[in-house]
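Visitor: sequence plus predicted model, see below.
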Amino acid sequence: MTHPPKGNSAAPPGWGAPTLPAVPPQSGPPVPPPGPAVPEPRPPRRTAFAEGVDQLRAAATTEPGRLRIIGAVLALLVVAFGAVTAWQMTDRSAAADDVLHSSQPLSAGAADIYRSLADANTAASSGFLAGGQETAESRTQYEQDIRTAADGLITAAANSEPGSPSADTIAKLNKLLPEYKGLVERARANNRQGYPLGGAYLRYADDKMRSEMLPAAEELYKRENQRLSSDYADARPYPWAAIALGVVALGGLTWAQRRNYRRTNRVLNQGMAAATAASAVVLLWLVVGHSVARAGLDESYDHGVRSLHVLNDARIASLKARGNENLTLVSRGAETVEVKKDVFEDKFDVDFKKQMSALTTGLAEAAGLADDKDGADPVKAATANMKVWKSRHTEARRADDSGDYQGALDKVIGTKAQKPTSECFGGVDTNLALAIKHEQGEFKQAAGDGRGAMTGLALGAVVLAVLAAAGAVLGIGRRLSEYR
């Protein structure tokens, strides 16, 4: 065995470590060493909705799957129909109930406040004209009107929202009412002692009533009428959304039964038939019930509310006219207005003529709205009283203009031998009160019938809709059992 030579002598070829081939030098930038392997991107995660759509698509390829989908859709439609019917009819029923028990009574109460204030002003002027011979009846009427107005303001305040315009108006009237009453008492006290200052106090009280109190009462009356109109607007519209859903639900049930018949030649599926019958009952009840309710509400408005508005306005016009007639004699020409160029007339007599014109128009309109004898007869009687009143007033003014103040006074407040205008005014007021009472009864009857037609509809719709949905599910389930 040979060994390589020792020492530093070069080893012969073939001895030692193997020789590597020479690597030619590289040109350009160095190549980086290979890094870790990059994983392939994962597909995006699918949403639950997309997966559900795929499941439905897969289910729809088989008859059992299609039946399950049809059953679910039908049940959903029927339940939605019942829910929307209950929602819409609950709102309309509540609005009709407000018309009957809230907004219309409040409107009537506001009218009573307005009328009581005007009547108190008239009674005060009538008592003033009588002077020391003021009757107990006149005094009692005045006190009763003041109490009626005060009680009406308490009721109105209890039903108004704090901080609302109506609440502000009520607070204003509550402040003005004792001020007015104090002025009237001062006028009476001075009048009994024969002091002319009493007339000034009464005119001041009348001005406060006309310029502040009656406009505020009229504003309150108009706001309550607006609330009443709003409740009518909420109660009367047809529930179109519920009707449309009912038609769609019935159409779907009919289509499902026809499909079942074409595939199985079976005429009747008891569950589906029960669902169709229940849905049809709800839809028919909805349409007929609301139509009857709407008719009742329309009648209560046309032959109740409208007539009441006209009659209340006419009665207030008659009260204002009577007050102006009295104050014409109280003022004795102290206040005049220019009616034409350089032509002046007594201010209160001019106002009297305006109010009598409004009364004439109101009575004519009320006669046109009266739809039965009980409503028409009081209006006719009031119209006849008004005509006599005009005639007697003309005679009283003629006497006063000719300087016969006592003769004019006798024609206005009356004597044993003289029939006064106060008798005519009393006839107008009494007959208008009878007409208002009759129309109030007409309103309550018609509005009550309208409200009653909606009774139970919301709850009945829910119950029948649940039964219809159960019938649809059971009908589909019976069909599905044939595939097991």
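Guide: That came through fine.
Visitor: which outside residues touch stretch 200-213?
Guide: 117-118, 121, 124-125, 128, 172-173, 176-177, 179-180, 183-184, 186-187, 190-191, 323, 327, 330-331, 334-335 (CB atoms under 8 Å, 6 or more residues apart in numbering). Every residue, glycine included, has its C-beta placed from N, CA and C.
Visitor: return the set of buried residues in stretch 155-167.
Guide: 155, 156, 159, 160, 166 (16 or more other CB atoms under 10 Å).
Visitor: and which of those residues is nearest residue 404?
Guide: Nearest to residue 404 out of those is residue 156 (CB to CB; 45.4 Å).
Visitor: return the subset of the contacts of stretch 200-213 lying in helices.
Guide: 117-118, 121, 124-125, 128, 172-173, 176-177, 179-180, 183-184, 186-187, 190-191, 323, 327, 330-331 (DSSP state H).
Visitor: for the strand or helix carrying residue 153, which helices and strands make contact with it?
Guide: For residue 153, the element it lies in under DSSP states H and E is helix 136-158. Helices and strands touching helix 136-158, by 3 or more CB pairs under 8 Å, 6 or more residues apart in numbering; DSSP states H and E, are helix 104-130, helix 165-192.
Visitor: and residue 351, how far from residue 119?
Guide: 17 Å (CB to CB, to the nearest Å).
Visitor: between these two, who's got more neighbours?
Guide: Neighbours per residue, other CB atoms under 10 Å: of residue 351 and residue 119, the larger number sits with residue 119, 26 against 19.
Visitor: burial of the nearest residue to the more buried one once chain neighbours are set aside, as a residue count?
Guide: Using CB to CB, 6 or more residues apart in numbering and skipping residues adjacent in sequence, the residue nearest residue 119 is residue 145, 4.7 Å away. Neighbour count of residue 145, defined by other CB under 10 Å: 22.
Visitor: okay, now the unreliable bits of the stretch 51-200 of the chain?
Guide: 51-61, 131-134 (pLDDT under 70).
Visitor: contact partners for residue 427?
Guide: Counted by CB under 8 Å, 6+ apart, residue 427 has contacts 381, 382, 384, 385.
Visitor: model confidence over whichever helix or strand the first one is part of, on average?
Guide: Per DSSP H and E: residue 381 is located in helix 373-401. Per-region confidence: helix 373-401 scores 92 on mean pLDDT.
Visitor: give me the distance between the helix or strand following it and the centre of its chain.
Guide: Of the helices and strands lying after helix 373-401 in sequence (DSSP H and E), the nearest is helix 405-413. Centroid displacement of helix 405-413 relative to its chain, using CA atoms, centre = their mean, to the nearest Å, is 49 Å.
Visitor: show me what helix 405-413 is packed against.
Guide: Counting by 3+ CB pairs under 8 Å, 6+ apart, helix 405-413 packs on helix 104-130, helix 306-331, helix 373-401, helix 421-452.
Visitor: quick one on the thing from earlier: in PyMOL, select just the buried ones from the contacts of stretch 200-213.
Guide: Listed next is the PyMOL selection for buried residues among the contacts of stretch 200-213, using 16+ other CB under 10 Å:
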select buried, resi 117+118+121+124+125+128+172+173+176+177+180+183+184+186+187+190+191+323+327+330+331
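Visitor: returning to what we had before: flag every buried residue along the helix holding residue 381.
Guide: Result for helix 373-401 [16+ other CB under 10 Å]: buried residues 375-376, 378-383, 385-386, 389-390, 392-393, 396-397, 399-400.
Visitor: tell me what it is packed against?
Guide: Using 3+ CB pairs under 8 Å, 6+ apart: helix 373-401 touches helix 306-331, helix 347-369, helix 405-413, helix 421-452.
Visitor: before we move on, back to that, just flag the most distant two among the contacts of residue 427.
Guide: Farthest pair in the contacts of residue 427, by CB to CB: 382 and 384, 7.3 Å.
Visitor: tell me the most buried of the helices and strands packed on helix 373-401?
Guide: Compared across the helices and strands packed on helix 373-401, helix 306-331 shows the largest average neighbour count, a mean of 25 (mean count of other CB atoms under 10 Å).
Visitor: so for that helix, mean pLDDT?
Guide: On average, helix 306-331 scores 89.
Visitor: list the helices and strands that helix packs on?
Guide: helix 104-130, helix 197-208, helix 347-369, helix 373-401, helix 405-413, helix 421-452.
Visitor: quick one: which of these is nearest residue 89?
Guide: That would be, of those and by CB to CB, helix 421-452, which comes in at 11.9 Å.
Visitor: so which elements touch the very next helix or strand once past the closest one?
Guide: Sequence-wise, the next helix or strand downstream of helix 421-452 (DSSP H and E) is helix 457-480. On a contact count with 3+ CB pairs under 8 Å, 6+ apart, helix 457-480 meets helix 63-98, helix 240-264, helix 270-300.
Visitor: rerun at 7 Å
Guide: helix 63-98, helix 270-300 (3 or more CB pairs under 7 Å, 6 or more residues apart in numbering; DSSP states H and E).
Visitor: dump the ones you listed to CSV, plus distance to residue 248 and mean neighbour count.
Guide: CSV is the format used below for the helices and strands packed on helix 457-480 (distance: least, CB to CB, whole Å; neighbours: other CB atoms under 10 Å):
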stretch, distance to residue 248, mean neighbour count
helix 63-98, 6, 20
helix 270-300, 10, 20
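Visitor: and residue 149, which of those is closest to it?
Guide: helix 63-98 (24.6 Å).
Visitor: run the angle between that closest one and helix 457-480 for me.
Guide: 170 degrees (axes from the mean of the first three to the mean of the last three CA atoms, to 10 degrees).
Visitor: secondary structure element for residue 345, which one?
Guide: Here residue 345 is assigned to strand 343-346, by DSSP H and E.
Visitor: quick one: average confidence on that strand?
Guide: 66.
Visitor: same check, this time on stretch 447-459
Guide: Stretch 447-459 comes out at a mean pLDDT of 92.
Visitor: residue numbering should commence at 59 henceforth.
Guide: Noted, 59 is the first residue going forward, which turns the last one into stretch 505-517.
Visitor: any idea how far apart the tips of it sit?
Guide: Distance across stretch 505-517, first residue to last, is 21 Å (CA to CA, to the nearest Å).
Visitor: so what touches that stretch?
Guide: Applying CB atoms under 7 Å, 6 or more residues apart in numbering, the contact partners of stretch 505-517 are 144, 147-148, 150-151, 154-155, 157-158, 343-344, 347, 350-351, 354-355, 358.
Visitor: could you find the closest non-adjacent residue to residue 350?
Guide: residue 511 (4.1 Å).
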